[in-house]
Structures are given as structure tokens and as C-alpha cells.
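In: how does the following fold in three dimensions:
(4 chains)
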Protein chains: 2
Amino acid sequence: MATRTRADAATEAWKRMLELMWSQRGRFIDGVGDLGLSPMQAHALRFLEQPRAMSELADVLLCDASNVTGIIDRLEARGLVERRPAPEDRRVKLLCLTKAGEALRARVRERIEVPPPELAALSPHEQRELRDLLARALGH
Amino acid sequence: MATRTRADAATEAWKRMLELMWSQRGRFIDGVGDLGLSPMQAHALRFLEQPRAMSELADVLLCDASNVTGIIDRLEARGLVERRPAPEDRRVKLLCLTKAGEALRARVRERIEVPPPELAALSPHEQRELRDLLARALGH
DNA sequence: TATTGTTATACTCTATAACTATA
DNA sequence: TATAGTTATAGAGTATAACAATA
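Out: Model (predicted):
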């Protein structure tokens, strides 16, 4: 077996994606921080496009349900989210964004979805290639 | 100006990259968790390929220097890192990995750098295209 | 009995401000 | 005086275990 001096292309691509993502961390933290949100609070808003149960939010945030209690407590205290008992199972609480929550969620998305300069600087053709490759990878 | 019903290609590409990254979050948390590391501890190890001052590590981790004290305290207590006064300025402390720290750092990298199934499933040609596009974006 | 969400607890990460030791 | 790092403090995220309400 020949000595491998270079990783395969998927590994190289992944390492570069990690590098790009890490470089955008400050922009994300500052962007949502300007809106008065911690990173996890911003992610919670992101996933509340539709009402979800506490346990569902815990699943997508990859944290214990007991954490979601605290995260939602803080958003609720700001009037961004409401807890409503689910009609079909009163143990379940559905998390619904208020008007203010919807508005802030839109602002979070606007900020997060602005592509980094590194991508914006690619040619239109390269941008489309990248977009299409990622669509293939994600099975879109 | 015409109504834009679709975002430009860079924005679509970025959104897909965010989606792919978020989907890999659990693998990262579990991967470094299996090694007994929190995410931030793992990142700290990542950036200690060469000895660095506390303040330098604070810069790359995007956190206050006072946080680095605690993060490094915990790594040092496990014998992974040593603080050494810098010869030219004894206020500065250089963080050096021990043998155990080097070994664990290598294991962290091995785990993190495995590409996700979504990328591994692309054809070799597509993988190379993706790798090269990202290299262009990053100015490599 | 089992499940959903909360509470209690403890640890980690986070920033700010005050402090120390060097420069 | 200024800077590098620490300590003190407080708030937020994290998991585990015990608990209340509901199924």
C-alpha cells in the first residue's frame, strides 16, 4: 500500500469548510448579540418557525430538555415566545413565537444568512457550482 | 428593480453550508465528549499545535482572557497542557502541550476531520470540485 | 406505569471589573 | 503607566436526578 501524503478530496473539502465556518464564528456571535440574543437563544428562535413542543426543541438543539426550560424562560421573559398547553396532550407545551418573536426571528435569519465575503468573492459561476454541489450532498 | 424570488447563489450556498454544519454538531460534541473534552477544550487543543500565549488563545477562541484561565486550568489539571513563563517577557505565559496533550490533540483532529457522509457520498470528481472551490474561496 | 416538562444541583463557558506581577 | 494573566462575581448553557402533572 502506497504512503498517503495527502488526504482524500472529501477530507480536504471538509477541513476547508471547518476553517471557513470557524472564521465566521465572530460574525455570528456578534450578529445575534447585537439583537440581545445568546447563540443558543438565536438557534432556538431559528427552529420555532412552526410551533414545537419543548422536547422537539431539545432534540434539534441537541441538549437536555431541562436546558430548554431555561432557554425558553429567558425568551418568554422578553415576550418573544409563549408556552401553550397542547390540546391533545396537556403534558406537552407548544412553543409559539409572539409577533415580536417572529420579527426578531426574521432579523436573526437576515443576519445569519448573509454569505461571508469569502463566498461572495467567488465568481457567479463558482457560486452556482458550490451551491449545486452542496445541494447534491444534502440530497436536495 | 425586479422582484427577487430567489436568493443569489452565494446566499443559497451559504445556507446549505450552515445546514450541513448544524447537522454535524452532534458528531462533534459526541466525538470530543468521548475523549473527555468539552467543545471549547477541544478547540483550545486544536489551536495549540505550537505554543501560544494565553492572550493569543483568547483571540482565536473569541473569548475573554479570563475564560482562557479556566479552560486551561482544566486541561492543565489533566496533564495535557503546561504554562511556561515566556523568557523575553515574564508576564506572558506560553501554553505548551505535554506528550499526553499532543496525543489527545491528534485524536481530536482525527475525529473532527472525518468528512460527514454527505460529502463522502459525492463522486470523486465532485469532491475535488468542492475542495477546489473552497480553496479558491479561502485564498489558498 | 410511562411520559412531558420542571426543579435542584453541579460544572463549564461567558463577560466585566478589580487585582498582581511584570514591563 | 501600561500590559498579561488571575481572581471574584454573576449570568447562561450543560447534564443528571428527583419531582409534579398528565396520559
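In: only C-alpha atoms for contact and neighbour calcs from this point on.
Out: OK.
In: got the contact list for the spatially most central residue of chain A?
Out: Centroid-nearest residue in chain A: A:His43, 4.9 Å away (criterion: CA atoms, centre = their mean). Taking CA atoms under 8 Å, 6 or more residues apart in numbering or on different chains, we find A:His43 in contact with A:Leu61.
In: give the next helix or strand downstream of the host helix or strand of it.
Out: A:His43 belongs to helix A:39-46 when assigned by DSSP states H and E. Scanning the chain past helix A:39-46 towards its C-terminal end, the next helix or strand to appear is strand A:52-53 (assignment: DSSP H and E).
In: check whether that following strand contacts DNA strand D.
Out: No: in terms of CA under 7 Å from any atom of the strand, no part of strand A:52-53 sits within range of DNA strand D; the closest distance is 13.9 Å.
In: follow-up on the earlier one: now the helix holding A:His43: mean pLDDT?
Out: Along helix A:39-46, the predicted local confidence has a mean pLDDT of 98.
In: that one near DNA strand D anywhere?
Out: Yes: Helix A:39-46 is in contact with DNA strand D by CA under 7 Å from any atom of the strand, via A:39-41.
In: neighbours around A:Leu37, how many?
Out: A:Leu37 sits with 19 neighbouring residues when counted by other CA atoms under 10 Å in any protein chain shown.
In: make sure it is indeed in a helix.
Out: No: remark: A:Leu37 does not belong to a helix; assigned using DSSP: H, G, I helix; E, B strand; the rest coil, it is coil.
In: can you get me a residue count around the closest residue in space to A:Val108 that isn't next to it in sequence?
Out: On the basis of CA to CA, 6 or more residues apart in numbering or on different chains, the spatially nearest residue to A:Val108 that is not a chain neighbour turns out to be A:Val32, at 6.4 Å. By other CA under 10 Å, 22 other residues sit near A:Val32.
In: and the host helix or strand of A:Val32, average pLDDT?
Out: Secondary structure assignment for A:Val32, by DSSP H and E: helix A:25-33. Confidence over helix A:25-33, taken as the mean pLDDT, stands at 98.
In: point out the residues in chain A that sit beside DNA strand D.
Out: Residues of chain A lying close to DNA strand D (CA under 7 Å from any atom of the strand) are A:38-41, A:61-67, A:70-71, A:74, A:88-91.
In: mind listing what the nearest residue to A:Val68 once chain neighbours are set aside touches?
Out: In space, not counting the residues next to it along the chain, A:Val68 is nearest to A:Ala58; the distance is 6.1 Å by CA to CA, 6+ apart. With CA under 8 Å, 6+ apart as the criterion, the residues that contact A:Ala58 are A:64-65, A:67-68.
In: helix, strand, or coil at A:Leu130?
Out: State at A:Leu130, reduced to three classes by three-state DSSP: helix.
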